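K.L.:
predicted model follows, preceded by the sequence.
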Amino acid sequence: DSGVTQTPKHLITATGQRVTLRCSPRSGDLSVYWYQQSLDQGLQFLIQYYNGEERAKGNILERFSAQQFPDLHSELNLSSLELGDSALYFCASSVHYRGTYEQYFGPGTRLTVT
Amino acid sequence: AQKITQTQPGMFVQEKEAVTLDCTYDTSDPSYGLFWYKQPSSGEMIFLIYQGSYDQQNATEGRYSLNFQKARKSANLVISASQLGDSAMYFCAMREGRGKNAGGTSYGKLTFGQGTILTVHP
């Protein structure tokens, strides 16, 4: 158990809909990273938050947005969903390991868009 | 250009034998970190081992060791004494930069390779 929690575990929705994925980092971790794993694109970094502020942005679509709240949990909002958005979405939080900050992943949310 | 390349889509190994999973990387940043993660069929991502670019010795964690050849830009994962439970997808990943800035905050996205499916036969 990495200590990172994600809800829901599975989500099935229709095209055009909007969903929210939730992540709670490990206790004390200030950084949250979101990744998308799809068959087409593999594992890709989407966005990072640190203590409530956006720190880095990757290949995140404009239809997607995220935020980190004062209690450090984070939400990833996906709107106008398309079939190609079906993927496993991971959240990771940073822990200090051997002089650097490493990432431990949550169990993921499997999104299926029909 | 691919920053992380895993050339072996699939690998097979006999139980109790050792196996090497290949990973090459490309970066111009002198400071970087290399990681291996395991993803079983259940889907979770499990951190296995880390090697920093300035580390003088190859990293080891139990049955996992990282064969780091900086000049060749390779960071191969060696699993000794394979077990049936080692059957999974394995990802190599790289973080460029030191992983934190002067303010002590953390940054550093991970860039992943395409993965290698390892199957351990009894």
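P.N.:
The structure has been received and is ready for your questions.
K.L.:
can you give the distance of the strand or helix carrying residue B:50 from its chain's centre?
P.N.:
Using DSSP states H and E, residue B:50 maps to strand B:46-52. Relative to its chain's centre, strand B:46-52 lies at 6 Å (Cα atoms, centre = their mean, to the nearest Å).
K.L.:
how about stretch A:19-32?
P.N.:
8 Å.
K.L.:
close to chain A, is the one helix or strand in chain B whose mean pLDDT sits lowest?
P.N.:
Here the helix or strand of chain B ranked lowest by mean pLDDT, DSSP states H and E is strand B:46-52, holding a mean of 91. Yes. Using Cβ under 8 Å from any Cβ of the partner chain, strand B:46-52 comes into contact with chain A via B:46, B:47, B:50, B:52. All C-beta spots, glycine's among them, are computed from the backbone N, C-alpha and C.
K.L.:
who does that strand touch, helix- and strand-wise?
P.N.:
strand A:100-105, strand B:32-39, strand B:60-61, strand B:64-69, strand B:74-79 (3 or more Cβ pairs under 8 Å, 6 or more residues apart in numbering or on different chains; DSSP states H and E).
K.L.:
contact partners for the residue nearest the centre of chain B?
P.N.:
Geometric centre of chain B, nearest residue: residue B:36, 2.7 Å, by Cα atoms, centre = their mean. Taking Cβ atoms under 8 Å, 6 or more residues apart in numbering or on different chains, we find residue B:36 in contact with B:21, B:23, B:48, B:49, B:64, B:66, B:75, B:77, B:90, B:91, B:92, B:93.
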